[in-house]
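Undergrad: the following block contains a protein sequence and its predicted model.
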Amino acid sequence: MPTSLFSADFQSVLDQAVNPPTPAAAAFPSPEDWRDRWIYFLMLDRFNNESDPPAHVPFDDPDFFGFQGGKFSGVQKQLGYIKQLGAGAVWLSPVLKNFQFDPNTYHGYGIHNFIGAEPRFADNPATADDELRALVDAAHQQDLLVIFDIVLNHTGNAFAYQCDTSDQFCISNQGAQASFHSSSQNVQWRDASGTAQAGLPDVANIPNPPLDALVWPSELQQNKFFRRQGTPDGNGDDTVGDFSVLKQIMSADPDLQRFLIRAYQYVIARFDIDGFRIDTLRYLKGDLPRLFGNSMREFALSIGKKNFFTFGEVFDNNAEQDIARFIGRNTSDQSDLVGVDAALDYPLFNSLKPVVKGFAPPTSVVGMYQNRKNVESNVLSSHGDATRYFVTFLDNHDVKERIRYVDPANPTKFDDQVTLGLGCLYCLPGIPCLYYGTEQGLHGSGSDPAVREALWGGPGFDDSSDFYQHIQQIAGVRAKQSALRYGRFYFRPVSGDGITFGVSGFPQGVIAFSRILNDQEVVVAANTNPTLPQQLDVILEIQLSLEGDAFQVLYSNQVGPQAPQPVRLAPQSSVTVHEVDGSIGTGPLHVIRVNLQPMEVQVLRRTQM
């Protein structure tokens, strides 16, 4: 493994990527359009180990913060399971090397070597890089793309603070963390055992630096690259400061930016990956998000990956506005740079999940999309929507609650909420992402470990489970209906009496929308009420249907779904339609009457003649 960004063995990897010695050594090509795929996200340590059970029981202990023993080979063994589910890409939690002395960074976000694989994820720690590459190659053989989760904001617990006498917080944790300071503090770098050394205050002056300590590659070994100001100021900018014991780096520094960019270009070349998910995107300074996204795109193009995918985490209360600063080409900005390709869709998560659960009205999702339309007005996108700019999800490793809720008195009572939510998610604009274990009914909540279960120690990989089968069906419909991947998007007002139409403003209502591409219209209607069926009229695009046309159910999460009644004309002035933009219409309309069981979602399309 190289130790310098400019060593011969490092440069050789880049050179062979640009000029492969044989056709077989060429980079795996990018997909034409990432919307043709959906993503399966797994946590490496918590997914699978073919040789050993999880290190700790029970497999879903909400208080266990250590390594469970997942391996690269364990993921490789289950690639067929992921492919059969319908996924087109696998997003891996961080796989680059963390400190070996830290028993709690099973999640991978405490990187200290930015160009090497994590030895604890390998069957043979000495061949970790080769095993990770073998996993990527095996995924490509099954036409599964691979996305690495990466960090640009911080490193692992590389040093301890030299605590000043007034900082009791720092003293209480032996310098692992410090209170916020307005200037950089003195530190003591840790040795390979994790012990802070008083004689090592400057990383650049450490003789024979150990490979299991400090930060690598060697170009990163400069004190000035680390903020060293402690945890964020509670009354200040929450993006300035360490992440607990993870030490923030000075991402605005031009030299550090150059080194990080070169390191991650090497990662692309060495492991032949297809995309990056960028952790803590909004914390990055000095325009690094756009510079990094542009640099990864250009390097990937130079080795034949024409559509390398970057998407970032923007996890805050102002996510919609922050996302607009980072994604795509903002026409209000004079820079030539194009930012990252997409962002995790936290605004949709925050609005769709409560609607699916029956806690919020469908109008809240409509309002979110109306806000997005305004905020993203300067971002060029297909059909005026943002279908390519968002990776959508219903749960993940950070939100401390899986989408499935298990009622102790009736464990399956709310299971249909899961498939209803996924039915909506896979039909809404964006690139859907499924969190591992959802297909096996995992239902942890309350803490980070609670939603990071060791899957192989619990339900395992049952491809006959109800959730697995439903996700297969949903994914199959999305794959066959191009309107669900690229189409324009419209919320549809609904009506119980056939006269007054509007979007439901009450919890446990019906959410309805259309995706339209050319002459195709796919309609989705979901009844979020857990106990009451609903019969409602749903508006169609009048130019794409005729009176009497029949619509078929492409997917329902219920047994024996009832197809809609044939298309009916509502004449001019016979109806009042409260449109999503606040205007009022009076027809004429084409409508279908849908019949929905409690917690039923239907995906509908006009029957082909």
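TA: Arrived safely.
Undergrad: how about the helices in the stretch 51-200 of the chain?
TA: In the stretch 51-200 of the chain, the helices defined using DSSP state H, counting those that start in this stretch lie at 72-77, 79-85, 128-141, 168-172.
Undergrad: kindly report the same for the chain.
TA: 8-18, 72-77, 79-85, 128-141, 168-172, 254-271, 288-302, 319-326, 346-356, 362-375, 415-425, 466-480, 483-486 (DSSP state H).
Undergrad: of all those, which lies closest to Asp395?
TA: Asp395 sits nearest to helix 346-356 of all those, at 7.8 Å, using C-beta to C-beta. Yep, even glycine has a C-beta here, placed from its N, CA and C like the rest.
Undergrad: pLDDT below threshold where in the protein?
TA: Applying pLDDT under 70 to the chain flags residues 328-338, 379-386, 609.
Undergrad: so how far is Leu455 from the residue nearest in space to the middle of it?
TA: In the chain, the centroid-proximal residue (C-alpha atoms, centre = their mean) is Leu344; its distance is 5.1 Å. From Leu344 across to Leu455, the span is 22 Å (C-beta to C-beta, to the nearest Å).
Undergrad: and the strands in the stretch 401-550 of the chain?
TA: Applying DSSP state E, counting those that start in this stretch to the stretch 401-550 of the chain gives strands spanning 431-435, 488-491, 494-495, 500-501, 510-517, 520-527, 534-540.
Undergrad: which strands border the second one, and is each parallel or antiparallel?
TA: Here strand 488-491 has these sheet partners by DSSP bridges: strand 510-517 (antiparallel).
Undergrad: kindly state the beta-bridge partners for the residue nearest to the centre of the chain.
TA: In beta-bridge terms (that is, DSSP bridges), Leu344 pairs with Val391.
Undergrad: quick one, what contacts it?
TA: 277, 311-315, 390-391, 393, 396, 433 (C-beta atoms under 8 Å, 6 or more residues apart in numbering).
Undergrad: same check, this time on Leu44
TA: Here Leu44 is in contact with 70-72, 75, 92-95, 108, 118, 121 (criterion: C-beta under 8 Å, 6+ apart).
Undergrad: and stretch 278-287, end to end?
TA: Terminal residues of stretch 278-287 lie 14 Å apart, using C-alpha to C-alpha, to the nearest Å.
Undergrad: buried set for it?
TA: Buried residues in stretch 278-287, counting neighbours by 16 or more other C-beta atoms under 10 Å, are found at 278-285, 287.
Undergrad: how many residues are close by Arg404?
TA: By the criterion of other C-beta atoms under 10 Å, Arg404 has 24 neighbours.
Undergrad: in stretch 588-606, what counts as buried?
TA: Within stretch 588-606, the residues scored as buried using 16+ other C-beta under 10 Å are 589-606.
Undergrad: kindly report the same for stretch 524-544.
TA: 524-529, 534, 536-541.
Undergrad: same question, stretch 96-103
TA: 96-102.
Undergrad: need phi/psi at the closest residue to Gly286 other than its chain neighbours.
TA: Nearest non-adjacent residue to Gly286, counting by C-beta to C-beta, 6 or more residues apart in numbering: Ala252, 3.0 Å away. Backbone torsions of Ala252, given as degrees, to the nearest 10, read phi -90, psi -10.
Undergrad: how near is Ala252 to Lys224?
TA: 12 Å.
Undergrad: narrow the contacts of Leu44 to those in strands?
TA: Among the contacts of Leu44, the ones falling in strands (DSSP state E) are Leu92.
Undergrad: count of residues packed around Ile584?
TA: Ile584: 10 neighbours (other C-beta under 10 Å).
Undergrad: that one is in contact with Ser573, isn't it?
TA: No. If you go by C-beta atoms under 8 Å, Ile584 and Ser573 don't touch, sitting 11.9 Å apart.
Undergrad: which of the helices of the stretch 51-200 of the chain sits most buried?
TA: Mean neighbour count (mean count of other C-beta atoms under 10 Å) peaks for helix 72-77 among the helices of the stretch 51-200 of the chain, with a mean of 22.
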